[in-house]
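K.L.:
What would the 3D arrangement of this be:
(one chain, ligands or ions: 2)
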Amino acid sequence: MESVRTQVVIIGAGPAGLLLGHLLHREGIDNIVLERRSNEYVLQRVRAGVIEWGIANFLEEAGVGQRMRAEGLVHHGIEMRFDGVSHRIALSDLYDGRAITVYGQQEVVKDLINVRRSYDAPLHFDSEVTGIEGLNSAHPTVTVTAPEGEMTISADFVVGCDGSHGVSVESVPRGYMRRFERVYPFSWLGILAEAPPATEELIYTRHSRGFALYSMRSPTLSRLYLGVRPDETLDAWPDERIWEELTVRMATDHTAEIGQGPIIERGITPMRSIVVAPMRYGRLLLAGDAAHIVPPTGAKGMNLAVADVRLLAPALVARIRGGDESLLNSYSDDSLRRVWRAEEFSTYMTQMLHPHPTDDFENGVQMARLRQVVESEPAARALARNYVNLSSV
Ligand code: APR
Ligand code: PHB
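P.N.:
Ligands and ions are numbered 1, 2, ... in the order given. Below you'll find the predicted structure:
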């Protein structure tokens, strides 16, 4: 079995793992990124698409924001639609001119892979971490199953950027980390369609039949979502039914029909909130979805992943270079403060926009919250600040 040594082993080539690898490389820290899926799979996996103001700036400072700035869509507002009426939340007017950038997560991943290839740092696809040992020793090791065979890597630190249900959390002794979880009684059916977006801004819709979201990826690609029952399967949703339901839920008295076109990607994602704490065990650190999941209604998943590694990279550098462990010691608490704020905002957005099938008291409260957002400037301002820049405060 081949045996390799590096300073930091990073499990997972999503936004968290790839960006961490890049930030460490820039500081001269050797690292290896391991990804169980193939390069092609990771590049075409359609995920989130909203980048916060401070996170976009950070990606640019990190030297990976060039294409995002050129091709990303800058949005200065979003629409909240309910009772058949649209209300614009003027994000930039409410928040010092700041805006969000709509740019697909797989584009961020592509940019990060390209930059890593440009300096030829180790990035292994089709390479699954199957075991992690010695997290309380000076040199933990991971076991990797790769096409060339099995390999062990010994490092100073292991970082679990392996998404939800990853191997890293599983390798921590039971009972050490606490898992907080909430499951919602619905899922999102998401599609990517070759249709020019009919509107310029995202539309979050609450309709008595359920939630709908209008988003986009480019001037020719629309990204749309429907709230569906958690037990729904794609078989029950032929194209016509998807478009019909979107049309009904998003209808107003005076808006254009939503643009339709060939559906090139579709999937159903369950909605849940998870927080794992603390985000460290000995020489293992967690970042991104490995430590926390948010329901997508607040558009925070990718932003939180970037915010984690923005804190973690300098903490690892200080520890590895100078032996100063103070930043590493506070990493979990510092990250979790932000994570819980994002959980709160994501829960608020989720609950406000997904009608309850039977509980009409809950539905009354949801409508009151929506009216507050569109009628009270302080409420709109709070939403704007959280939507545009929560992960950088
Ligand atoms: N060995 C190697 N790789 C693994 C292993 C393993 N044992 N287990 C999981 N992985 C890989 C997955 O295949 C995946 O590519 O880890 C990667 C985790 O990446 P992401 O799921 O993209 O997670 P993260 O980088 O934290 O980014 C969070 O992703 O799900 C969205 O909404 C979420 O936008 C957020 C973002
Ligand atoms: C997306 O464009 O995929 C998207 C936008 C906003 C969300 C979630 C997803 O809240």
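K.L.:
Now Trp188. Its backbone dihedrals?
P.N.:
For Trp188, the backbone dihedrals (degrees, to the nearest 10) come out as phi -110, psi 130.
K.L.:
so what's it scoring on pLDDT?
P.N.:
In this model, Trp188 is scored at 98, pLDDT.
K.L.:
Quick one: residues contacting it.
P.N.:
Shown in contact with Trp188 (C-beta atoms under 8 Å, 6 or more residues apart in numbering): 211, 213, 225-228, 268-269, 271, 296. The way it works is simple: take the backbone N, C-alpha and C, and place the C-beta from them, glycine included.
K.L.:
Contacts only, for the residue lying closest to Ile258 once chain neighbours are set aside.
P.N.:
In this structure, Ile258 finds its nearest non-sequential neighbour in Ala198, 5.3 Å apart by C-beta to C-beta, 6 or more residues apart in numbering. The neighbourhood of Ala198, defined by C-beta under 8 Å, 6+ apart, consists of 214, 222, 256-259.
K.L.:
so which of those comes closest to Thr6?
P.N.:
Thr6 has its nearest neighbour among the contacts of Ala198 in Ser222, at 42.4 Å by C-beta to C-beta.
K.L.:
Next, the closest one: secondary structure please.
P.N.:
Three-state call for Ser222 (DSSP: H, G, I helix; E, B strand; the rest coil): strand.
K.L.:
do you know how far the residue nearest to Ile258 is from ligand 2?
P.N.:
To ligand 2, Ala198 is 15 Å away according to C-beta to the nearest ligand atom, to the nearest Å.
K.L.:
pLDDT wise, what is that residue at?
P.N.:
Ala198 carries a pLDDT score of 83 in this model.
K.L.:
just Ala256 next, same as before
P.N.:
The predicted local confidence for Ala256 is 66.
K.L.:
Quick check: mean pLDDT of the helix or strand where Thr101 lies?
P.N.:
Assessed by DSSP states H and E, Thr101 sits inside strand 100-102. In this model, strand 100-102 has a mean pLDDT of 98.
K.L.:
Going by neighbour count, list what's buried in it.
P.N.:
Buried residues in strand 100-102, defined by neighbour count with 16 or more other C-beta atoms under 10 Å: 100-102.
K.L.:
Going by distance to ligand 2, which of the contacts of Trp188 wins?
P.N.:
Pro296 (4.2 Å; C-beta to the nearest ligand atom).
K.L.:
so that closest one makes contact with Ala48?
P.N.:
Yes. Between Pro296 and Ala48 there is a contact at 6.5 Å, judged by C-beta atoms under 8 Å.
K.L.:
Might one say that Ala307 is in contact with Ser335?
P.N.:
Yes. Assessed by C-beta under 8 Å, Ala307 is found in contact with Ser335 at 7.5 Å.
K.L.:
Which neighbours do these two have in common?
P.N.:
Counting by C-beta under 8 Å, 6+ apart, nothing touches both Ala307 and Ser335.
K.L.:
still on that earlier bit, just send the contacts of Ala198 back as TSV, with neighbour count too.
P.N.:
Converted to TSV, those look like this (neighbours: other C-beta atoms under 10 Å):
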residue	neighbour count
Tyr214	24
Ser222	24
Ala256	8
Glu257	10
Ile258	21
Gly259	16
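K.L.:
Can you add secondary structure and give those back as a markdown table?
P.N.:
Formatted as a markdown table, the contacts of Ala198 follow (three-state DSSP):
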| residue | secondary structure |
| --- | --- |
| Tyr214 | strand |
| Ser222 | strand |
| Ala256 | coil |
| Glu257 | coil |
| Ile258 | coil |
| Gly259 | coil |
